[in-house]
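J.: Return a 3D structure for these sequence lines:
(one chain, ligands or ions: 1)
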Amino acid sequence: MKITAIRAYALNITASLDITAETKTASHQLCVVEIDTDEGITGHGLSSIGPAVPIKAAVLSVAAPELMGADPLRHEQIWDMLYWQLVPRGQSGVGMHAIAAIDIALWDIKGKYFGQPIYRLLGGAREKCPVYATFGFGFYRTEELAEAARNWQKRGFHRLKMTVGNQALKRRDEPRLLSDVIAEDAERVKTVRDAAGHDAELFIDANCSLDLFHARALCQMIEPYHIEFFEEPITQNDVRQMADLRSQTSIRLACGQNEAQAYRFRDMLISGAVDIIQPNVAITGGFTQCQKIAALAASFNISVDNGGAWPFVNQHLQAGVSNGGLVEFHYSSVEVCKQIYTGLTEPKDGWLKMTDRPGLGFDLNYDALGQFEIKQP
Ligand SMILES: [Mg+2]
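T.: Numbering: from 1, shown residues only. Model prediction:
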């Protein structure tokens, strides 16, 4: 089998969020890649939480010429070739996003070729994954957070994740004191805990928006509210500071969704910086690399959970490897996916069941893609 064509789309898609009385919107940029083969099989992949237009350019101008004529089943050979083309000195960023989207498309082809879903090709550790709903975005007022939490519970979700930190470091110039941000966070966490009750599992995510001092202070304030894990508490996932924080709080720490290279996970694990790692297939170099990172974590007796959204891709990693775990049913990204994909699965009673459909198991909605393409000057 040979690769015969590569297409890429830079998309900006707005999701409508109607879980509260007042409907909100949230936008995501993503780059979708399609790869055709001479056997009539086409695979698709995506990358996100990066600028879609330059990721598309990296796919089409740097990767595509090298991919033409290659055997799509040789994912290891192709991954290594793309590494040396796009990020030859261990860089992260746009080049690694491009590799992630291409690698996912190759695994979609592989699954379709062998008639197997990707999670089974990765090892098929389980048939269904526990999910958590990421619902508590910064744009909700505190009382809306409580309303949203209760409504997610009515939909059968009892694991709930909310954001904290509210872009604290990014917006220091407003000026805006980090101490005020975390004081408000503590109030918001208490409000959600009171609204959701003690049966709910509550997770928080600072999206790398705090420094060590304020992350630690926030942990101290919210420890009574039984937090399952604190995701990306510290800017840049600073490994030394994460290890410090972990030694000073009873809350489990998690991160990794925006990391590109495997060595970063090695450093986190050796330093004792994390309780859980979160490589994201759509960001951390696709299935080829995330499988290796999961194996690395297994050697440290550490589990893998999904952070960074895109559950329909990441569920294959979480179901495929034995130390996989939670899938993130990220509200706005799910609503984005519903606009460009068909055949998506729905979680039920807190679980997302895997299907027998080959490859990723869902398809691109070609008619919808055009309306979301980012117009370039
Ligand atoms: Mg996150």
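J.: now whichever residue of the stretch 101-250 of the chain sits closest to the ion: how far from Met162?
T.: Distance from the ion to each residue of the stretch 101-250 of the chain (Cβ to the ion) is smallest for Asp205, at 4.4 Å. To be clear about C-beta, it is placed using only N, CA and C from the backbone, and glycine gets the same treatment. For Asp205, the distance to Met162 equals 7 Å [Cβ to Cβ, to the nearest Å].
J.: Now do the shared contacts for those two.
T.: Residues touching both Asp205 and Met162 by Cβ atoms under 8 Å, 6 or more residues apart in numbering: Thr134.
J.: which residues does Ala5 contact?
T.: Contacts of Ala5 by Cβ under 8 Å, 6+ apart are 34-36, 68.
J.: Alpha carbons of the helix or strand hosting Glu66, in PDB - could you do that?
T.: Per DSSP states H and E: Glu66 is located in helix 64-67. Below are the C-alpha coordinates for helix 64-67, written out as PDB (Å, rounded to 0.1, in the frame of the first residue of the first chain):
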ATOM      1  CA  ALA A  64       3.300  15.800   2.500                       C
ATOM      2  CA  PRO A  65       6.200  15.700  -0.100                       C
ATOM      3  CA  GLU A  66       8.000  13.200   2.100                       C
ATOM      4  CA  LEU A  67       4.900  11.100   2.600                       C
END
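J.: Output the contacting helices and strands for it.
T.: strand 3-17, helix 75-86 (3 or more Cβ pairs under 8 Å, 6 or more residues apart in numbering; DSSP states H and E).
J.: what's the shortest one in contact with?
T.: Right, helix 75-86. With Cβ under 8 Å, 6+ apart as the criterion, helix 75-86 contacts 58, 62-63, 66-67, 70-72, 95-96, 98-99, 102-103, 106-107, 110, 285-289.
J.: Could you list which of these belong to strands?
T.: Within the contacts of helix 75-86, no residue falls in strands by DSSP state E.
J.: which parts of the worst-scoring helix or strand of the chain on mean pLDDT are buried?
T.: Least confident element among the helices and strands of the chain, by mean pLDDT, DSSP states H and E: helix 366-369 (a mean of 90). For helix 366-369, the neighbour count (16 or more other Cβ atoms under 10 Å) marks Leu369 as buried.
J.: Can you tell me which helices and strands that helix packs against?
T.: Using 3+ Cβ pairs under 8 Å, 6+ apart: helix 366-369 touches helix 331-340.
J.: Pull out the buried residues from the helix it packs on.
T.: In helix 331-340, counting by 16+ other Cβ under 10 Å, buried: 331-337, 339-340.
J.: and the contacts of helix 75-86, which are buried?
T.: 58, 63, 66-67, 70, 72, 95-96, 98-99, 102-103, 106-107, 110, 285-289.
J.: Which ones among those map onto helices?
T.: 66-67, 95-96, 98-99, 102-103, 106-107, 110, 286-289 (DSSP state H).
J.: which residues touch Ala319?
T.: With Cβ under 8 Å, 6+ apart, Ala319 has these contacts: 119, 122, 124-129, 354.
J.: State the pLDDT value of it.
T.: pLDDT recorded at Ala319 is 98.
J.: swap in Pro377?
T.: 75.
J.: Pro65 too?
T.: Looking at Pro65, the pLDDT reads 98.
J.: ditto for the one 10 residues further on
T.: According to the per-residue confidence, His75 scores 98 in pLDDT.
J.: What separation is there between it and Asn166?
T.: For His75, the distance to Asn166 - Cβ to Cβ - is 39 Å.
J.: Also Gly307?
T.: 18 Å.
J.: neighbour-wise, which of these two wins?
T.: Gly307 (29 against 22; other Cβ atoms under 10 Å).
J.: Next, the buried residues of stretch 354-366.
T.: 354, 357-364.
J.: Show me which residues of the stretch 151-300 of the chain are close to the ion?
T.: Residues of the stretch 151-300 of the chain that fall close to the ion, judged by Cβ under 5 Å from the ion: 205, 231.
J.: Sketch out the low-pLDDT regions of the stretch 151-300 of the chain for me.
T.: For the stretch 151-300 of the chain, applying pLDDT under 70 flags no range at all.
J.: could you measure the closest residue in space to Gln315 that isn't next to it in sequence against the ion, distance?
T.: Once flanking residues are discounted, Gln315 sits nearest to Val327: 4.8 Å by Cβ to Cβ, 6 or more residues apart in numbering. From Val327 over to the ion the distance is 13 Å, taken as Cβ to the ion, to the nearest Å.
J.: I appreciate the help and will end here.
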